[in-house]
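# Sequence first, predicted model second:
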Amino acid sequence: MLKGKKIVLGVTGGIAAYKSVELLRLLTKAGADVHVIMTRSATEFVTPLTFQTLSMNPVNTELFNLISEREIGHISLADRADLFIIAPATANVIGKLAGGIADDMLTTTVMATKAPVLIAPAMNVNMYRNPIYRENEEKLKKHGYFFVEPVRGMLACGWEGEGKLQDPKEIFEAAMDALSVKDLAGEKILVTAGPTREEIDPVRFISNYSSGKMGYAIARAARRRGAAVTLITGPSSVQKPCGMESVSVVSAGQMRDEVISRAKGSTVIVMAAAVADYRPAARSGDKIKKNGETQQLELVKNSDILAELGRGKNGQLLVGFAAETENLLGNASRKLQEKNLDLLVANDVSADGAGFDIDTNIVKLLFKDGRVEDLPLMTKAEVADQILDRVAALRGKG
Ligand code: CTP
């Protein structure tokens, strides 16, 4: 999605300037063409050479430093940018932008651009709370500037509080957000993710290898595309996406209750969770002791959440997953029919590059009308967008 996008990254003078290097790496890794502008004080913290080497573009530090004709023709950075990011942004640069002051390369270029501008402030907590700063930030927001608010933490100045630059991964996510078409605006999308755990006794449970990565990627992409998202997740060590209602559950029974109670209010439901099909008939209150050479565990069936949704469907678009190790298409199309789904995402979890706890997947998309699409190996984030492209089309928004 960032492939070929021109992003201007403004770096101002704060100790967090070094984190901008990581942001630059995330942007270039995603295929963006990044041009860095540093304020004079930023160069006191990190050398322009670092940014130049990693961006493979010249770094601009001087006012009216006209980039060579050969590189940009007659068009300035301001005109060429798809997006501006200022990270870290000091109270000073934010004050200048709010006051209409353009006295260096960065402020001049930002003021001249029509591209969206994303600001990630970093400063001392008292500066951040200062009413003058607050007014400046509000003013810029009113004019359409985007902000990625700083987080709480130990600040370089010794104070503890909000003012710490947001994690570069979140700034990267906000950049994707700013560039996304909001084609899912108005949709209420419920996504389930991760495994469930069925307890045997206080120290043991039955579960599976699901990491939650696929479901989280769908939830994140849906929010970025403008949907109101609820994520219902089983235990997962993956960082929870921001900007959505997120409900943590443990067992299939809990997941069922949370999903069913929200089903009516949803327009789309994506069941990416790997729900346990069975649970122990009885959970022992005490740890079960070793006893004899064999041990029997009686299991009873959990309710199939997706099948229940399919039976009670009233207008929602239902998307299911099928994790298979054999007869992929046969099993997947049976599940599509039996569970009354609109779209089924099938993957052979035993194939190289697909399955649990990795960042890539290879899936087939099966539609109610019998169409089957084969997608090549791609990252789970890309698979998420592919699925949501089909969801948007099925909802008449493609
Ligand atoms: N699913 C569900 N509730 C269950 C089991 C599965 O909602 N108790 C959903 C999953 O979230 C997934 C789809 O059903 O979207 C298919 O899950 P999968 O485990 O592949 O298939 P099952 O229907 O459980 O069939 P089987 O285990 O026999 O392959």
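Here it is on my side, so go on.

# Got the domain ranges for the chain?
With domains defined by automatic domain parsing, the chain comprises 6-179, 188-394.

# now the helices for the chain?
17-29, 48-55, 69-72, 77-80, 91-99, 105-112, 125-129, 131-142, 168-179, 213-224, 252-263, 305-311, 328-338, 380-394 (DSSP state H).

# Take the domains of the chain and write them to TSV, including mean neighbour count and mean pLDDT.
Bear in mind the C-beta positions are built from the backbone N, C-alpha and C, glycine included. Below are those laid out as TSV (neighbours: other Cβ atoms under 10 Å; pLDDT from 0 to 100):
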stretch	mean neighbour count	mean pLDDT
domain 6-179	18	90
domain 188-394	18	95
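
# looking at it, Lys182 is touching Gly226, isn't it?
Yes. With contacts counted by Cβ atoms under 8 Å, Lys182 reaches Gly226, the gap being 3.2 Å.

# Enumerate every residue touching Val11.
Contacts were defined as Cβ atoms under 8 Å, 6 or more residues apart in numbering; by that measure Val11 touches Ala17, Ser20, Val36, Ile37, Met38, Thr39, Ala42, Val46, Phe51, Ile86, Ala87, Pro88.

# Strands - which of the residues you listed land there?
Using DSSP state E, the subset of those located in strands is Val36, Ile37, Met38, Ile86, Ala87, Pro88.

# what sits against the fourth one?
Contact partners of Ile86, counting by Cβ under 8 Å, 6+ apart, are Leu9, Gly10, Val11, Thr12, Val93, Leu106, Val110, Val117, Leu118, Ile119, Ala120.

# roughly how far apart are Arg134 and the ligand?
Arg134 sits 45 Å away from the ligand, going by Cβ to the nearest ligand atom, to the nearest Å.

# ok, now Lys368?
Taken as Cβ to the nearest ligand atom, the span from Lys368 to the ligand is 15 Å.

# repeat for Lys19
Distance of Lys19 to the ligand, computed by Cβ to the nearest ligand atom: 37 Å.

# again with Val229
For Val229, the distance to the ligand - Cβ to the nearest ligand atom - is 17 Å.

# check contacts around the residue lying closest to that residue once chain neighbours are set aside.
In this structure, Val229 finds its nearest non-sequential neighbour in Met244, 4.0 Å apart by Cβ to Cβ, 6 or more residues apart in numbering. Contact analysis of Met244 by Cβ under 8 Å, 6+ apart lists Ala219, Arg223, Ala228, Val229, Thr230, Leu231.

# again, only this time at 6 Å
Met244 sits next to Arg223, Val229, Leu231 when contact means Cβ atoms under 6 Å, 6 or more residues apart in numbering.

# The second one reaches Arg223, doesn't it?
Yes. Counting by Cβ atoms under 6 Å, Val229 does reach Arg223; the two are 4.6 Å apart.

# distance of the one residue in the stretch 101-250 of the chain that gets nearest to the ligand from Val8?
Of all residues in the stretch 101-250 of the chain, Thr192 sits closest to the ligand, at 6.2 Å by Cβ to the nearest ligand atom. Relative to Val8, Thr192 is positioned 39 Å away (Cβ to Cβ, to the nearest Å).

# Would you point out which residue is most central in the chain?
Centroid-nearest residue in the chain: Arg220, 3.7 Å away (criterion: Cα atoms, centre = their mean).

# Closest to Ile387 out of the ones in strands among the contacts of Val11?
Ala87 (30.3 Å; Cβ to Cβ).
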